[in-house]
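**Q** just coords:
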Ligand code: COA
Ligand code: ZN
């Protein structure tokens, strides 16, 4: 089936602005604003929201209030409120805060793992394994994110064999079946997405595979359609297109949630999200951040939105 024709198929868009987005903001967004945003995103119909990170507050001070945010949100049944976790300490905090799912993070690149998590890939994997075992005893959903799956700003290409090896170890040794391939600094392109997903898919059924793209080089939405063509149904995105890893040079925003949902809807996919409400939320979010954001649909409006001719100058 062509990826261009959704024909009513469902695509799951997972919101990461509160985590991937806010971790790269210079300012600290007040806790009550974060809580309000989670509740607004819930009301828009998003079914999975990454609420915060349980990481070292010294490493990511913007998310030092993770417990308070989880404490303050109004949980809607059926919505998964997730958190990023790098180690057992983070898992203990996530369990205490009653996160529904933890996203255990490591990098496919040894250099990026050391820059971001201050240890070797193997040491991070051991931490993930221990954290996953703890999550199992708490009955918590567990997923793993593999940063730099499509390339690394320090090492360049990451061989497909490395990605396959980490996926296999996460599944077989750590018992984690839900895996996110993350394009941390926007190095993916459609043919690479197609190739890598084709290699990973046989051991990762579609329900378990997420793609996480940054729009660093403008290829974000093209990569999503390549991912759909390769059989992927789950994609991360950030409201207003903010985001980036503080420990990866050149990192910029995630693909933008409302732009992604707009692109999917005009192509005939179902996302189960109130797009108008989401666009309004993105506008409020931009005001809250106090600077321009990369989101495009919030500026232009939906494809068939009419504009008053007398309010515009001559077309270029
Ligand atoms: N939550 C809160 N505090 C934590 C923690 C966690 N999950 N993990 C470690 N710490 C604390 C320790 O208690 C210790 O505190 P102390 O100095 O007051 O005793 C301190 O952090 C250092 O602990 P250590 O185990 O030596 O960690 P580190 O300094 O080597 O840092 C990480 C390792 C993984 C904790 C840190 O690099 C980190 O949190 N990175 C996250 C980066 C990130 O979120 N990047 C973007 C997302 S991909
Ligand atoms: Zn990211």
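**A** Here it is on my side, so go on. Only a predicted model underlies this, so the values are computations on that prediction, with no experimental measurement involved. Ligands and ions are numbered 1, 2, ... in the order given.
**Q** CA only for contacts and neighbour counts going forward, please
**A** OK.
**Q** quick check: residues of the stretch 151-300 of the chain near ligand 1?
**A** Counting by CA under 6 Å from any ligand atom, the stretch 151-300 of the chain comes close to ligand 1 at residue 245.
**Q** hang on, isn't residue 270 packed against residue 45?
**A** No - look at residue 270 against residue 45 with CA atoms under 8 Å: they stay out of range, at 11.8 Å.
**Q** which helix runs longest in this structure?
**A** Counting residues, the longest helix found in the chain (DSSP state H) is helix 121-137.
**Q** quick one, helices of the stretch 201-316 of the chain?
**A** With helices called from DSSP state H, counting those that start in this stretch, the stretch 201-316 of the chain shows them at 220-229, 257-266, 275-289, 297-300.
**Q** tabulate those (CSV), appending mean neighbour count and mean pLDDT.
**A** CSV is the format used below for these (neighbours: other CA atoms under 10 Å; pLDDT from 0 to 100):
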stretch, mean neighbour count, mean pLDDT
helix 220-229, 22, 98
helix 257-266, 23, 98
helix 275-289, 18, 98
helix 297-300, 15, 96
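**Q** residue 91 is nearest to which of those helices?
**A** helix 257-266 (27.2 Å; CA to CA).
**Q** residues contacting the residue of the stretch 101-250 of the chain found nearest ligand 1?
**A** Residue nearest to ligand 1 within the stretch 101-250 of the chain: residue 117 (3.9 Å; CA to the nearest ligand atom). Counting by CA atoms under 8 Å, 6 or more residues apart in numbering, residue 117 touches 86, 106, 124.
**Q** again, but for residue 233
**A** Contacts of residue 233 by CA under 8 Å, 6+ apart are 10-12, 206-207, 209-210.
**Q** now do it against residue 125, distance only.
**A** Per CA to CA, to the nearest Å, residue 233 is found 26 Å from residue 125.
**Q** quick check, central residue of the protein?
**A** residue 236 (3.5 Å; CA atoms, centre = their mean).
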